[in-house]
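[1] here are the coordinates; sequence isn't available:
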């Protein structure tokens, strides 16, 4: 499959997910709490505006040669760190549901971590392109890019108490480092250290430990911290195979908190049934497969590593979100890409698609080098 065909399939999967997301925000947003007496339709209106803004930026980015980013990598990294640091500034950083991951500048509010995830992938891709002969070394191949360039923004996100985003980004960064050629034992050591650190953070917080207890027995905590996951289970059960129909779900009416954001996948299960949830899973899987196929065909090191990172920043949050909603993992508060309501996440995730398109359009590709030779031979 050619790189051009891969990017076409990526856009097809992405557009279907985006349309489904708008439909589900329309269904769940009407029942969501609206602060300050606003219109119940404001979530749908804003989501459509965010989608149009994201699409406009994606098309603009796709027309620009992604190589022009490289001279600005240091500036991008510094901006990302500054924006993440604003989360800790009084009267600028906003704490919502115990997590300080929002910045309010008066005219707009946004999540710096959503901007940083692209910046962090750009930084890693540029570093390993510049030092392409040193990924196997300890300092330049692992410590400097991993602990400094990637580690500082990641630590800022983790200290915001946004463990879900931090975990997804850590795995995404690890994938880029693996593709770049970092030694496996170093990546494995980093994974162990990260797991120990997260274990310490979880056990040191009463609220996080309650989430763990609720994960083991959602029904026992169904009136407390386990309410979201327990109601989500009921929503999936009520939806069955084919669902109750778009807009006919009842769990969103005051029962399921954040039905239009973090737990929108549960409403897909209720209204679209097993068919709908498996379709969403299939679309994310296909998008990831085509994205990796695209990355494998890119000759340019920077483009190949950046494409890998961008695909991972879409796949891992989606996988973690669906795992949380189906109670395979403890509650972590991650949105479902392209589907959950939210401006910053939607705009910059769509921009990732634009960057992938730019990589495909502005770099030479190889044809089918990842297929075994015997599959390329024509049969008589």
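    Sure thing, it's come through. Only a predicted model underlies this, so the values are computations on that prediction, with no experimental measurement involved. Numbering: from 1, shown residues only.
[2] verify the contact between residue 208 and residue 202 for me.
    Yes - counting by Cβ atoms under 8 Å, residue 208 does reach residue 202; the two are 4.5 Å apart. Where you see a C-beta, it was placed from the backbone N, CA and C, and this is true even at glycine.
[3] in the protein, what spans have low per-residue confidence?
    Residue ranges of the chain with pLDDT under 70: 1, 31-40, 96-100, 365-380.
[4] can you pull out the helices in it?
    For the chain, the helices defined by DSSP state H occupy 3-29, 42-62, 73-85, 112-130, 151-159, 163-180, 184-203, 206-216, 227-239, 264-297, 301-325, 343-361, 373-376.
[5] now these as TSV including distance to residue 337?
    Shown next, in TSV, are the helices of the chain (distance: least, Cβ to Cβ, whole Å):
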stretch	distance to residue 337
helix 3-29	8
helix 42-62	11
helix 73-85	19
helix 112-130	10
helix 151-159	17
helix 163-180	10
helix 184-203	22
helix 206-216	22
helix 227-239	18
helix 264-297	8
helix 301-325	5
helix 343-361	5
helix 373-376	32
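[6] for residue 254, find the nearest of the ones you listed.
    Closest to residue 254 of those, according to Cβ to Cβ: helix 227-239, at 10.1 Å.
[7] taking their axis directions, the closest one and helix 264-297 sit at what angle?
    90 degrees (axes from the mean of the first three to the mean of the last three Cα atoms, to 10 degrees).
[8] other SSEs contacting helix 227-239?
    Secondary-structure packing of helix 227-239 (3 or more Cβ pairs under 8 Å, 6 or more residues apart in numbering; DSSP states H and E): helix 264-297, helix 301-325.
[9] if you count neighbours, what's buried in it?
    227-236, 238-239 (16 or more other Cβ atoms under 10 Å).
[10] picking up where we left off before, buried deepest among the helices and strands packed on helix 227-239, which one?
    helix 301-325 (a mean of 25; mean count of other Cβ atoms under 10 Å).
[11] report the angle between that one and helix 227-239.
    Using the same axes, to 10 degrees, helix 301-325 lies at 80 degrees relative to helix 227-239.
[12] the residue nearest to residue 103 when sequence neighbours are not counted and residue 119: what is the separation?
    Among residues not flanking residue 103 along the chain, residue 86 sits closest, at 4.7 Å (Cβ to Cβ, 6 or more residues apart in numbering). The gap separating residue 86 from residue 119 is 14 Å, by Cβ to Cβ, to the nearest Å.
[13] okay, those two: which has more neighbours?
    Neighbours were counted for residue 86 and for residue 119 using other Cβ atoms under 10 Å; residue 119 has more, 23 against 16.
[14] which residue packs closest to that one, ignoring adjacent ones?
    residue 80 (4.0 Å).
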